[in-house]
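Peer 1: here's my sequence, what's the structure:
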Amino acid sequence: MPRTPLVILTLSLTLSSCDFAPTPSNVKVSRQPADGLTQNSFGQSFLQQLVDEVREGAKLSLSQAYDRNNIPAAERISKPQAVGRYEWMGDKQLAVIDLSYSYNPMRVMRVVGIEADQMVTINCISPSGIPLKMRASEDECSEAIAEQFNLQELH
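Peer 2: Below you'll find the predicted structure:
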């Protein structure tokens, strides 16, 4: 019997940092000092740097998940794919990185922006592959973006 469905399920749970909790949060927010970074710093090279960091981090997490679960090399077929873009929300320019995996429905959207003197990073996870939204009422990810960047249009 092929182990691929079990591998995909295991990797989905591992990569999304989910336990078998009834309703785990699929939104994680972090803040760090911006250290002089401003919206004016948001150019193509900054965006590409973020995309590369996300892709490399996903490769490492995926490799560690495969190792932890003793997945043979021949069955390590999932690969991370990341693309970036900028979105304006109100007066905020936000870097958005969409991460997906081949042979795995999970999606991750990372949103990075500046709020006051802080660089805010929001990771939204969709273990089932449902598209993630930045502007939707009663959506956990959209609400976190609006709250963290003080966007009145979504409150």
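
Peer 1: buried set for the strand ranked longest in the chain?
Peer 2: If you go by DSSP state E, the chain has its longest strand at strand 104-115. Neighbour counts over strand 104-115 (16 or more other Cβ atoms under 10 Å) mark Asn104, Met106, Arg107, Val108, Met109, Arg110, Val111, Val112, Gly113, Ile114 as buried. Glycine gets a C-beta too; all of them are placed from N, C-alpha and C.

Peer 1: quick one: pLDDT of the last one?
Peer 2: In this model, Ile114 is scored at 96, pLDDT.

Peer 1: cool, the second one as well?
Peer 2: Turning to Met106, the model gives it a pLDDT of 91.

Peer 1: Met119 and Arg31 touch, don't they?
Peer 2: Yes - counting by Cβ atoms under 8 Å, Met119 does reach Arg31; the two are 7.1 Å apart.

Peer 1: need the phi and psi values for Gln44.
Peer 2: Gln44 adopts backbone torsions of phi -60, psi -40, taken as degrees, to the nearest 10.

Peer 1: hmm, back to that, so which two of the buried residues of strand 104-115 are the farthest from each other?
Peer 2: The widest separation within those, taken as Cβ to Cβ, falls between Asn104 and Ile114 and amounts to 31.7 Å.
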